[in-house]
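Q: what's the 3D shape of this:
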Amino acid sequence: MAKLFTPISFKNMTLKNRIVMSPMCMYSCEEKDGMITPFHMTHYISRAVGQVGLVMLEATAVEPAGRITAKDLGIWDDKHIDGLSELVEELHTFGTKAGIQLAHAGRKAMDEEVIYGPSPLAFNDKLRVPSELDSEGINRVIDGFANAAKRAKKAGFDMIEIHAAHGYLINQFLSPLSNKRTDEYGGSRENRFRFLKEIIEATKKEFSNPIFVRISSDEYHKDGNTLEDFIFFSNSLKDLGIELIDCSSGGVAPVQINTYPGYQIKRCETIKQAVGIATGAVGLISTGIQAEEILQNDRADLIFIGRALLRNPYWALNAAEELGYSLESPIQYSRGWR
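A: Residues are numbered from 1 along each chain as shown. As a prediction, this is how the structure comes out:
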C-alpha cells in the first residue's frame with residue numbers, strides 16, 4: 001500500500017490521502033474586492049476532482065492593507081463568506097477537505113497606500129518603507145486573524161493555515177533581519193515569537209478545527225534565524241496546540257536561493273524528528289516516487305504539491321500509476337480513468 005494514499009487524521013479532520021494542494025496566490029479577484037470568482041471555483045474544484053486530499057486556498061488577506069496585491073482573495077468582511085462557503089461545499093462533494101491560508105503581507109504589500117511592518121525597514125529598494133505597527137495596530141491585526149478564523153468556520157472550512165513564512169508580516173516579526181523593535185515584540189526570539197503566539201491564541205478561540213502554520217525554515221542569511229531558532233519556534237507552536245508545521249523557506253531577505261528537487265525537505269525532517277510534531281514537505285516535489293520516499297522514511301506527514309498541480313490537476317492519478325496503486329475515480333470520469 002502506497003503511504004501517499006493512506007488516510008491521516010488530525011483533530012476533527014481525516015484526509016483520504018496525504019496529498020495537499022499547496023496555497024498559491026492566483027491574483028484573480030476581478031473587482032479588487034477580495035471576492036471569489038468563477039476562476040477560483042474552476043481552479044480549486046478541478047484539483048478536488050483530481051483526488052487531492054486537502055485543497056488549501058491561497059494566502060487570503062485578513063484586512064485590506066494585508067493584501068500582497070489588490071487582486072488577492074479576502075476574508076476581512078462577512079461579504080466574503082457566501083462565495084467561500086459555496087466553494088467549500090463543492091470541494092466536499094469530491095471527498096476533499098477544504099483549507100484556507102490566512103495571511104497579512106506586511107511590508108511586502110504592493111498596492112496599498114499605507115503598508116505596515118514590525119520596523120520601518122523596506123524589503124528591498126523597489127518596495128516602500130513600512131509604517132511601524134504600534135500596539136493598537138498589532139491588536140488590530142490580531143483581531144483581524146481571529147475574525148477571519150470566525151468567518152472561515154462559518155464558511156465550513158475543515159482547517160486553516162496561518163501564514164508565517166515568505167517574508168510576510170508574521171515572518172517579519174519572527175526574523176531579526178526585519179524586526180528591530182525594542183519592546184516586548186522585539187529582541188529575543190521569545191519576544192519575536194510573541195506576535196504569532198497572540199495570533200494563534202486569538203484564532204483558537206474562534207476556530208476549533210485543526211490549525212497549521214507555514215514557516216520559512218531557512219532564511220538563507222547569516223544574520224537571520226538559525227535552525228535552533230526554528231526548532232524553538234516549532235516547539236512553541238506544538239505547545240500552543242498547532243497540528244502541523246508546513247516547512248517552506250525564504251522570502252524575508254532579498255537573496256538568491258539555490259533550488260533543486262526536495263531542497264526544503266531536510267529541515268522539514270529535522271523539525272519533525274526534533275520536535276515530535278507533524279510536518280508538511282513542500283518545494284519541487286514532482287513525482288509520486290519522490291513523495292513516497294519522503295513519507296516512507298518518516299521525513300514528513302503530508303506532501304504539499306504546488307507547481308506540479310498547476311501543470312496537472314490530475315497529478316494524484318499520475319502518482320498512483322507510478323506507485324502501482326489503483327486510485328478510485330470520480331464517478332463522472334470513470335470511463336476515462338486509467
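Q: now the residue nearest to Leu302 when sequence neighbours are not counted: which helix or strand?
A: Using Cβ to Cβ, 6 or more residues apart in numbering and skipping the chain neighbours, the partner closest in space to Leu302 is Gly280 (4.2 Å). C-betas here are computed from N, CA, C, even on glycine. Assigned by DSSP states H and E, Gly280 belongs to strand 278-282.
Q: relative to strand 278-282, how tilted is the helix or strand following that strand?
A: Downstream of strand 278-282, the first helix or strand assigned by DSSP H and E is helix 288-296. Orientation note: helix 288-296 sits at an angle of 160 degrees relative to strand 278-282 (axes from the mean of the first three to the mean of the last three Cα atoms, to 10 degrees).
Q: contacts for helix 288-296 next, please.
A: Applying Cβ atoms under 8 Å, 6 or more residues apart in numbering, the contact partners of helix 288-296 are 2-4, 18-19, 261-262, 265, 281, 285, 299-301, 303, 305, 318-323.
Q: what sits against the residue nearest to Leu302?
A: Val20, Phe212, Leu244, Ile245, Asp246, Cys247, Cys268, Ala300, Asp301, Leu302, Ile303, Phe304.
Q: do the same with Arg307
A: Arg307 touches Leu284, Ser286, counting by Cβ under 8 Å, 6+ apart.
Q: re earlier: got a ChimeraX select line for the buried ones in the contacts of helix 288-296?
A: Of the contacts of helix 288-296, the buried ones can be selected in ChimeraX as follows, counting by 16 or more other Cβ atoms under 10 Å:
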select :2,3,4,18,19,262,265,281,285,299,300,301,303,305,318,319,320,322,323
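Q: could you say which helix or strand contains the closest residue to Pro23 other than its chain neighbours?
A: Distances taken as Cβ to Cβ, 6+ apart place Gln101 nearest to Pro23, at 4.0 Å, with adjacent residues excluded. Element membership for Gln101, per DSSP H and E: strand 97-103.
Q: which of the residues in that strand are buried?
A: Neighbour-count burial for strand 97-103, counted by 16+ other Cβ under 10 Å, picks out Lys97, Ala98, Gly99, Ile100, Gln101, Leu102, Ala103.
Q: try stretch 163-181
A: Residues of stretch 163-181 classed as buried: 163-179, 181 (neighbour count, 16+ other Cβ under 10 Å).
Q: which residues of the stretch 1-150 of the chain score low on pLDDT?
A: The stretch 1-150 of the chain contains no residues with pLDDT under 70.
Q: now do the strands in it.
A: Applying DSSP state E, counting those that start in this stretch to the stretch 1-150 of the chain gives strands spanning 8-10, 13-15, 19-21, 54-61, 97-103, 116-117, 131-132.
Q: now distance to Pro64 too, for the buried residues of strand 97-103, in a markdown table please.
A: Listed next are these as a markdown table, based on distance: Cβ to Cβ, whole Å:
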| residue | distance to Pro64 |
| --- | --- |
| Lys97 | 28 |
| Ala98 | 24 |
| Gly99 | 22 |
| Ile100 | 17 |
| Gln101 | 17 |
| Leu102 | 14 |
| Ala103 | 13 |
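Q: okay, Ala155 and Ala146: tell me how far apart.
A: Separation of Ala155 from Ala146 (Cβ to Cβ, to the nearest Å): 15 Å.
Q: cool, Asp183 as well?
A: When distance is defined by Cβ to Cβ, Asp183 is 22 Å away from Ala146.
Q: these two: which is more packed in?
A: When neighbours are counted by other Cβ atoms under 10 Å, Ala146 comes out ahead of the other of Asp183 and Ala146, with 21 against 12.
Q: quick one: residues contacting the more buried one.
A: The contact partners of Ala146, by Cβ under 8 Å, 6+ apart, come to Ile199, Ala202, Thr203, Lys205, Glu206.
Q: go with 10 Å
A: Contacts for Ala146 were tallied using Cβ atoms under 10 Å, 6 or more residues apart in numbering; they are Val62, Leu102, Glu198, Ile199, Ile200, Glu201, Ala202, Thr203, Lys204, Lys205, Glu206, Phe207.
Q: could you do Ala105 as well?
A: 59, 61, 65-69, 72, 111-112, 115-117, 130, 163, 166-169, 172.
Q: in ChimeraX, select just the buried ones from these.
A: Burial among the contacts of Ala105 is assessed by 16+ other Cβ under 10 Å; the matching ChimeraX selection reads:
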select :59,61,65,66,67,68,72,112,115,116,117,130,163,166,167,168,169,172
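Q: helices - which of the contacts of Ala105 land there?
A: Judged by DSSP state H, helices contain the following of those: Leu169, Gln172.
Q: quick one, longest helix in this structure?
A: Secondary structure assigned by DSSP H gives helix 135-155 as the longest helix of the chain.
Q: can you point out the buried residues in that one?
A: 138, 141-142, 144-152, 155.
Q: quick one: that helix to chain centroid distance?
A: In terms of Cα atoms, centre = their mean, to the nearest Å, the centre of helix 135-155 is found 16 Å from the chain centre.
Q: with just CA atoms, put it into CSV.
A: Output of helix 135-155 as CSV, limited to C-alpha atoms (Å, rounded to 0.1, in the frame of the first residue of the first chain):
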residue,chain,number,x,y,z
SER,A,135,0.3,48.5,19.9
GLU,A,136,-3.1,49.5,18.6
GLY,A,137,-2.1,48.3,15.1
ILE,A,138,-0.8,45.0,16.5
ASN,A,139,-4.1,44.4,18.3
ARG,A,140,-6.0,45.3,15.1
VAL,A,141,-4.1,42.7,13.1
ILE,A,142,-4.5,40.0,15.8
ASP,A,143,-8.2,40.7,15.8
GLY,A,144,-8.2,40.5,12.0
PHE,A,145,-6.8,37.0,12.2
ALA,A,146,-9.4,36.0,14.8
ASN,A,147,-12.3,37.4,12.9
ALA,A,148,-11.0,35.7,9.7
ALA,A,149,-10.9,32.4,11.6
LYS,A,150,-14.5,33.0,12.7
ARG,A,151,-15.5,33.6,9.0
ALA,A,152,-13.6,30.5,7.9
LYS,A,153,-15.6,28.5,10.4
LYS,A,154,-18.9,29.9,9.1
ALA,A,155,-17.8,29.1,5.6
